[in-house]
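1. Okay, structure incoming, though there's no sequence with it:
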């Protein structure tokens with residue numbers, strides 16, 4: 001009897017293992033794999049790529065060893081977050097600078113007459129499976145079908161709250177080119193994206209499109225779409241610059257001297273799109289705490305800052321509105337300019353000072 005039970009258990013375990021292996025091999029959302037030829041290429045381009053892994057500069061530990069700071073917070077609002085609904089997005093003029101936030105880190109920058117889409121996640125879940133994981137708690141301001149043509153789609157890294165399979169598949173027909181860190185192209189290629197559309201960038205690489213220069217910038221983070229393939233792809237931020245404006249999207253990052261490096265190379269930042277959310281002292285090496293974010297704003301001599309990485313998905317334990325409360329309170333004390341538009345509002349940089357409503361105070 002015992003042998004029969006053990007045999008049944010063994011068969012069940014084997015079946016589960018086979019199903020898991022098939023899922024890993026064939027589920028497209030998990031992304032692509034780096035091969036030996038790719039490894040040679042990455043090693044030649046990036047001195048921090050060793051034995052198939054990208055390393056930080058300096059090397060950092062993901063976890064600080066400190067206890068979690070937040071417990072029993074209201075991570076998802078009870079009430080509805082106000083969203084400005086858009087039927088369409090008009091093309092901006094070459095000398096204009098506009099910005100639209102879609103929640104979390106997804107946003108559209110209009111600069112040099114071009115539409116630059118960053119880290120678009122338009123799905124309901126930030127997850128490889130469309131019914132498990134962090135669920136969106138704010139509405140999108142626009143459907144993908146109504147999005148304008150995208151001149152550049154820039155991806156900071158391959159975590160699910162920044163790179164979404166369904167979104168990429170649906171929006172690709174509108175995208176002219178992609179800018180991605182080393183290794184992230186493997187995911188796009190597996191999903192059928194034309195390799196001729198993809199610029200694969202190392203830190204400080206530049207891509208020039210007419211009067212717009214796009215520069216990949218370093219950060220302190222990590223990558224991976226499955227636990228056993230962490231850091232096989234690179235992470236980055238981006239500077240988008242033309243003759244009139246210098247803008248900077250930090251991507252996910254801990255605080256470091258890379259902010260001073262960006263300032264030294266590009267000067268004062270006109271519009272800073274800063275990571276602000278999903279933090280805890282337990283992992284502050286890879287996600288800035290509010291105090292560190294303020295210091296980054298100072299390092300960059302940011303003229304105006306808009307906070308991202310909050311307002312849509314909860315992947316930590318702090319209250320959903322803690323990021324915006326902290327950055328507005330701290331920036332006011334330091335005389336730093338922070339704009340706080342609602343999701344979907346079209347922020348015109350020429351009068352960005354008018355987008356400072358504390359709308360979150362009216363959300364239950």
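-> Structure received. Being a predicted model, the structure only gives us computed values, none of them experimental. Numbers count the residues shown, from 1 in each chain.
2. okay, CA-based contacts and neighbour counts for the rest of this
-> Fine.
3. quick one, phi/psi of the closest residue to residue 320 other than its chain neighbours?
-> Ranked by Cα to Cα, 6 or more residues apart in numbering and with sequence neighbours excluded, the top spatial neighbour of residue 320 is residue 75, at 4.6 Å. Backbone torsions of residue 75, given as degrees, to the nearest 10, read phi -70, psi -20.
4. Any idea how many residues pack against residue 43?
-> By other Cα atoms under 10 Å, 16 other residues sit near residue 43.
5. pretty sure it is touching residue 54, no?
-> No - assessed by Cα atoms under 8 Å, residue 43 is found out of contact with residue 54, at 9.2 Å.
6. Poorly predicted segments of the stretch 1-150 of the chain, please.
-> Scanning the stretch 1-150 of the chain for pLDDT under 70 picks out the ranges 1-26.
7. where do the strands sit along it?
-> With DSSP state E, counting those that start in this stretch as the criterion, the stretch 1-150 of the chain has strands at 49-50, 53-54, 97-101, 107-111, 114-118, 150-154.
8. If you count contacts, what does the fifth one end up packed against?
-> Under the contact definition 3 or more Cα pairs under 8 Å, 6 or more residues apart in numbering; DSSP states H and E, strand 114-118 sits against strand 107-111, strand 150-154.
9. and those as CSV, adding distance to residue 220 and mean neighbour count?
-> Output for these, formatted as CSV (distance: least, Cα to Cα, whole Å; neighbours: other Cα atoms under 10 Å):
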stretch, distance to residue 220, mean neighbour count
strand 107-111, 21, 24
strand 150-154, 18, 22
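10. Nearest to residue 361, out of those?
-> strand 107-111 (22.6 Å; Cα to Cα).
11. Check the burial of the nearest residue to residue 60 once chain neighbours are set aside by counting its neighbours.
-> Nearest residue to residue 60 in three dimensions, chain neighbours excluded: residue 285, at 6.9 Å (Cα to Cα, 6+ apart). Neighbourhood size, residue 285 [other Cα under 10 Å]: 21.
12. So what pairs up with the spatially closest residue to residue 241 that is not a sequence neighbour in the strands?
-> Nearest-residue entry for residue 241: residue 213, 5.2 Å, with adjacent residues in sequence omitted and distances by Cα to Cα, 6+ apart. Beta-bridge partners of residue 213, counted by DSSP bridges, are residue 208, residue 241.
13. residues in contact with residue 213?
-> Residues in contact with residue 213 (Cα atoms under 8 Å, 6 or more residues apart in numbering) are 206, 207, 239, 240, 241, 242.
14. nearest to residue 67, of those residues?
-> Closest to residue 67, out of all of those and judged by Cα to Cα, is residue 239, at 34.2 Å.
15. Tell me the helices and strands packed up against the helix or strand containing the closest one.
-> Using DSSP states H and E, residue 239 falls within strand 237-241. When contacts are defined as 3+ Cα pairs under 8 Å, 6+ apart, strand 237-241 packs onto strand 212-217, strand 246-249.
16. Deepest in the core, which of those strands is it.
-> Most buried of those, by mean neighbour count (mean count of other Cα atoms under 10 Å): strand 246-249, with a mean of 24.
17. what about residue 207, distance to residue 218?
-> In this view, residue 207 and residue 218 are 16 Å apart by Cα to Cα, to the nearest Å.
18. what about these two, which has more around it?
-> A count of neighbours by other Cα under 10 Å puts residue 218 above the other of residue 207 and residue 218, at 25 against 16.
19. how much space between the more buried one and residue 120?
-> Relative to residue 120, residue 218 is positioned 20 Å away (Cα to Cα).
20. Then residue 255?
-> Using Cα to Cα, one gets 24 Å for the distance from residue 255 to residue 120.
21. could you pull out the helices for this structure?
-> 2-26, 36-45, 165-171, 185-190, 258-266, 290-299, 322-333 (DSSP state H).
22. re earlier: in the strand holding residue 239, what's buried?
-> Burial within strand 237-241, assessed by neighbour count using 16 or more other Cα atoms under 10 Å, is assigned to 237, 238, 239, 240, 241.
23. One more: stretch 263-279?
-> Judged by neighbour count (16+ other Cα under 10 Å), stretch 263-279 contains these buried residues: 263, 268-279.
24. Can you tell me which of these lies closest to residue 249?
-> Nearest to residue 249 among these is residue 273, at 4.7 Å by Cα to Cα.
25. who touches that closest one in this structure?
-> Neighbouring residues of residue 273 by Cα under 8 Å, 6+ apart: 247, 248, 249, 250, 305, 306, 307, 308.
26. Is it possible to get JSON lines of the residues you listed that adds distance to residue 342 and pLDDT?
-> What follows is those, written out as JSON lines (distance: Cα to Cα, whole Å; pLDDT from 0 to 100):
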{"residue": "247", "distance to residue 342": "20", "pLDDT": "99"}
{"residue": "248", "distance to residue 342": "20", "pLDDT": "99"}
{"residue": "249", "distance to residue 342": "18", "pLDDT": "99"}
{"residue": "250", "distance to residue 342": "20", "pLDDT": "98"}
{"residue": "305", "distance to residue 342": "14", "pLDDT": "98"}
{"residue": "306", "distance to residue 342": "11", "pLDDT": "98"}
{"residue": "307", "distance to residue 342": "11", "pLDDT": "98"}
{"residue": "308", "distance to residue 342": "11", "pLDDT": "98"}
